[in-house]
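Peer 1: structure, please.
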Amino acid sequence: METDKRHLKILTENVFTEIYDFITSSHTSWLSSHKITDQIPTALLLAGVNTPDHSVIYGHLKDSILESGGHVAVISPGSNTTSVRSLVSLVVQQLSDDSSQQCRFRNDKDSGGDSNAAICKDFDESNYISVNNFTPATRFSYLALVESYYSKAKNHCGANVLGRNSEYKTLAPPTTPRLRSKRRISQPISRGVSPTSLGSEICSESKPKSTILGPLVIILTETESIPVQVLCDFITLTSLYAAGQIRGRSYSLPINFVFGLSTIPEFGFESRFNASTLSRLTIRRFSVPPPSAFLDVVLKEIIEFPGLHPTYSVLNYLIDGLFLCLDYSVKNFLQRLKFCMLEHYLKTPHPELLQSLEFAHKYLISLNPSDLARIVSLDYPSLGNHILDSVKASALTDISPPDVTNISSPPTTHRITHRSSSASSRLIDKIMEYLGNHLKLQYLIPPVLNWLLIIMTPLSVRPLGKNIGDLYRLWLKNGLVNAEEFNMTINLLSGVSKEHLLTAVQNAYEFLHQESLSLIRSKDSTSLWSSSVVTEGRRCLNDLTDATLSWHTKLSVACQEPINKQLQQQSTDNEMSSTTTTPVNNDNTPIKPIEFNTKRKISLRNLRQHLQEYATSSPNRSMSALTTSIHNTPWEITRKEFLQWIQTKLSEIIPPLNQLPLHEVFYGPSSIESGNNYSLSSSHEDSSIHSQLALSIRRRLNPPFQRCLHQALVNPGVYLQITDLKLSNSSSISSKLFDLCILYKLLLETSKIVNLYDWLMAFATILGEAVDSQNPPSQEIQCRFLQGLAELQHLGCIKSTRRKVDHVIRLTWISGFML
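Peer 2: A predicted model of the protein is given here:
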């Protein structure tokens, strides 16, 4: 949970830093201003569709404000906001609680700090006026909030400081009329002083100011869920107290609003209020990045982490089947991904191979020959085909346990044991080589994909995707080079201008160069990767950097070569061909091409048709020198070779996942296919372990609750694993079943409108009672029937109808499971 909060905090840090700066600047101007304003600083936060991440996001903003000495009230969607009184009560209650708990919060956050300890030490709770001192009618009102807020300032600054400010009146708790009248007489308002903001004078001698008179921030996470009239009245009332315009009192509260919106402000906020309400707000807009931006950051961290990774089917199911269809929650996405990784780790045959190379080597040495043979033949099928190329079949047979039936020949036994140990060591070396290749591939994936993204920057349309997450998912599917989108990208790059392509190649080289320098500087911080993997990865990156620079030089030289000689040669060749063909076509009159009116507007389709007619009208027309020479220029030849080199280099550095042995170790199941219903399908190439793992992931992450409920009620013996309750046929009914199961099976046989009397009679008949119009069911049967009806209604199978009292309606989702 803490890790998820840390991820979301990093993702939304920029947005909430801007909101925090806006609140801080507004509060600073309130402290230093000598002019009271009736406008409340308001931050409109376009948070998008409400997701479970919003509670974590707003919680981060609340913690930041509390840490700086402010007070926060968060109104969540489930709060009672039906009236202004209830809304104000919720706000004052939270702000007052925060006011009394500031010292406790600082001690928890910064334990041992001298400044915070001094502030809390000076705070005297005996002089602090709590909202509990007020009557129940005014306990959670803005008047109580003012008393609580400024009594804390008086406690910190001293009574002499507040006394010099004639505009501030100590408002005692309104307990009796006599105390109120005494308060009015003893502290009259001075007419010689102009009304000013109290922040600059009250705390002129306090240290520090922000911790004494902190801002009051009211956060409404879902503004659209609050009634319009309630919100208008709440804004109007709050603005009066924020400006100090209450009759008989001249104080102000540093209130700030943070309104969360799911739609754009023009539709979700501004159109709902009149001009008078909007004039009381100083609005500034902020926006949270979309969920796709959060997902890109999370995928980037997943790609850069070594070890266990999800396959394309699992990742596609988590993103397209759950993230983009259910909740748009990065927090839930991380939880599901953790579950998939943990499920694979617990069910994989040899999870020790996921550790470092040194630990994996020690583990392989500790295995006996039969376990090594099982790794090749059963546990990891991808290893068998590759191991046969390097280890002979005879050596593999020697890995199996030796036949010890003939114990009377010690030399033969020694020779078999020696041969077996030699074959085992060769097999272990091969396994370690394949494990190292996988780790090196994971090390190279992030920089190589970023390098390819930089080369694709000149393209306005990118079939491969616009971020590293899209490229990674496509590589997981079947490799980048084998994808149709890659061929489309290569064709598009062949039409890019010279300047743009040269700039992209230059930027790609600079990226790889900076990446190499950063890897050299961070030599001691590569704890996640082994030294051998880092060495091999850096060597490959250096080779790719040098090759990119070499191709940039070749492209620059080819771009600068003149083509005048080729144009002249082509023109002379065309002249010679025309002179040779002139005597043959001397009698033929030239065909006049179709005229084209340049002053008339024409559509793209008509223009294409005209060009085709123009081409067919002059079949003997020779190609121009420029047209024929374009495809033979040094630039075109070099660019074509460069694009072919990209394809070859990618196949060499990051080959397809399925072509590598031991890919089952580092990647999860490959049998979750995402379709219309994201159903589960197992291919014959998948092992039984991976099929079971995929089925477990599918059932736990997004289980079909209605189908599971139907299966449990139709045949509870199978669901509960009870032999006595198992039915030979799912359509049969037995009196041994639970009452709920009997009623549900009877419900499946009825129409949409169900008669309760007929249902009761059928239920009693199955239980063994002889019932008819003269002999109604017993009281016990009726009670059991009513209890079963209540349970079915609770499960969402039936609901009451308004037309007939003795009838119920069967819900539509049951129709899909009709017997």
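
Peer 1: okay, helices next: where are they in the stretch 151-300 of the chain?
Peer 2: Taking DSSP state H, counting those that start in this stretch to define them, one finds helices in the stretch 151-300 of the chain at 159-164, 177-186, 199-202, 228-243, 265-268, 275-278, 291-303.

Peer 1: next, the buried residues of the strand or helix carrying residue 371.
Peer 2: If you go by DSSP states H and E, residue 371 is part of helix 369-374. Counting neighbours by 16 or more other CB atoms under 10 Å, one finds that the buried residues in helix 369-374 are 369, 372-374. No exception for glycine: its C-beta is placed from N, CA and C like everyone else's.

Peer 1: got a list of what residue 737 touches?
Peer 2: Taking CB atoms under 8 Å, 6 or more residues apart in numbering, we find residue 737 in contact with 716, 725, 745.

Peer 1: 10 Å instead?
Peer 2: For residue 737, the contacting residues are 713-717, 725, 727, 743-745, 766, by CB atoms under 10 Å, 6 or more residues apart in numbering.

Peer 1: that older thread, against which helices or strands is the helix holding residue 371 packed?
Peer 2: Counting contacts by 3 or more CB pairs under 10 Å, 6 or more residues apart in numbering; DSSP states H and E, helix 369-374 packs against helix 393-399, helix 410-455.

Peer 1: could you tell me the least trusted of the ones you listed?
Peer 2: Ranked by mean pLDDT, the helices and strands packed on helix 369-374 end with helix 393-399 in last place, scoring a mean of 45.

Peer 1: one step back: weakest of the helices of the stretch 151-300 of the chain in terms of mean pLDDT?
Peer 2: Among the helices of the stretch 151-300 of the chain, helix 177-186 scores lowest, at a mean of 37.

Peer 1: domains for this structure, by residue range?
Peer 2: Split into domains by automatic domain parsing, the chain comes to 2-289, 706-817.

Peer 1: averaged pLDDT, the helix holding residue 371. What do you get?
Peer 2: For helix 369-374, the mean confidence score works out to 86.

Peer 1: next SSE downstream of it?
Peer 2: helix 381-390.

Peer 1: please enumerate residues in contact with that next one?
Peer 2: 375-378, 380, 395-396, 426-427, 429-431, 433-434, 658-665, 685-687.

Peer 1: can we see that at 7 Å?
Peer 2: 375-377, 427, 430, 661-664, 687 (CB atoms under 7 Å, 6 or more residues apart in numbering).

Peer 1: and the residues you listed, which of them are buried?
Peer 2: 375-376, 427, 430, 661-664, 687.

Peer 1: host element of the nearest residue to residue 323 once chain neighbours are set aside?
Peer 2: Sequence neighbours aside, residue 333 is the residue nearest to residue 323 in space, at 5.0 Å (criterion: CB to CB, 6 or more residues apart in numbering). In this structure, residue 333 is located in helix 330-347 according to DSSP H and E.

Peer 1: now that helix against helix 291-303, angle please.
Peer 2: Per axes from the mean of the first three to the mean of the last three CA atoms, to 10 degrees, the angle that helix 330-347 makes with helix 291-303 is 30 degrees.

Peer 1: and the helix or strand that helix 330-347 is followed by, what does it pack onto?
Peer 2: Remark: after helix 330-347, the chain's next helix or strand is helix 357-366, criterion DSSP H and E. Helices and strands touching helix 357-366, by 3 or more CB pairs under 7 Å, 6 or more residues apart in numbering; DSSP states H and E, are helix 410-455.

Peer 1: which other helices and strands contact the helix or strand just after the helix it packs on?
Peer 2: For helix 410-455, the following helix or strand on the C-terminal side (DSSP H and E) is helix 468-478. Applying 3+ CB pairs under 7 Å, 6+ apart, we find helix 468-478 packed against helix 291-303, helix 312-316, helix 410-455.
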